[in-house]
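> I'll drop the sequence and a predicted model, then ask my questions.
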Amino acid sequence: MPFYETLPNLCPDFIYLDAPSQSSALGDVRGISTDHPERLPMEADPLALAHFLLPGKMIVVDGPTANARFLKSNFQRRWQYEHDEVGDVHIFELCKPPLGKYDRVQVSASSASAPDGFDSLTTARSLFLSAS
């Protein structure tokens, strides 16, 4: 399972995850490596960042359903999840109450940018799919 040695010290609003290469893993974990034709590549860095993300943040997984399912089953906070099977895109939104007055302003500003009648998952999906 590939991890980057160091991650940028920031709090992203949006994470875009494309499939890692099957042979990108260096080494193994207890003898298991994704560098094998019968293994599925997994990217686990979003799990390291998940506890530091603020409410309303989004993660888009472009393609690798196995990786999206792995993240979904290992996230420990409340994430809203949608899978667009046609575009093979998985969208996660962190659904937690704002942390305080400044976070509330940011979350409401993000929500205000969505067209009337659309939640942020629908908006993200339509923006992402229209760009691809």
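That came through, no problem.
> so where is this structure shaky, pLDDT-wise?
1-4, 19, 98, 102-103, 106-132 (pLDDT under 70).
> repeat that for 80
1-8, 10, 19-27, 34-35, 41, 96-132 (pLDDT under 80).
> Can you show me the strands along it?
Ranges of strands within the chain are 14-18, 58-62, 79-84, 89-94, based on DSSP state E.
> Need the residues that contact the last one.
What that stands for is strand 89-94. The contact list for strand 89-94 (CB atoms under 8 Å, 6 or more residues apart in numbering) reads 50, 53-63, 65, 68, 71-72, 75, 77-84, 120-121, 124-125, 128-129. (Glycine included, C-beta is placed from N, CA and C.)
> Can you point out the buried residues in stretch 66-78?
Residues of stretch 66-78 classed as buried by neighbour count (16 or more other CB atoms under 10 Å): 67-71, 75.
> Output it as CSV - backbone C-alpha positions only.
Backbone C-alpha positions of stretch 66-78 (Å, rounded to 0.1, in the frame of the first residue of the first chain) are rendered in CSV as follows:
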residue,chain,number,x,y,z
ALA,A,66,-11.4,-1.1,-4.5
ASN,A,67,-9.5,1.9,-3.2
ALA,A,68,-12.7,3.9,-2.6
ARG,A,69,-14.2,0.9,-0.7
PHE,A,70,-11.0,0.6,1.3
LEU,A,71,-11.2,4.3,2.3
LYS,A,72,-14.9,4.1,3.1
SER,A,73,-14.5,1.2,5.4
ASN,A,74,-11.5,2.8,7.2
PHE,A,75,-12.7,6.4,7.6
GLN,A,76,-13.6,6.9,11.2
ARG,A,77,-15.5,10.2,10.9
ARG,A,78,-18.9,10.7,9.3
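> That one: how far from the chain's middle?
9 Å (CA atoms, centre = their mean, to the nearest Å).
> for stretch 41-56, same thing?
With CA atoms, centre = their mean, you get 7 Å for stretch 41-56.
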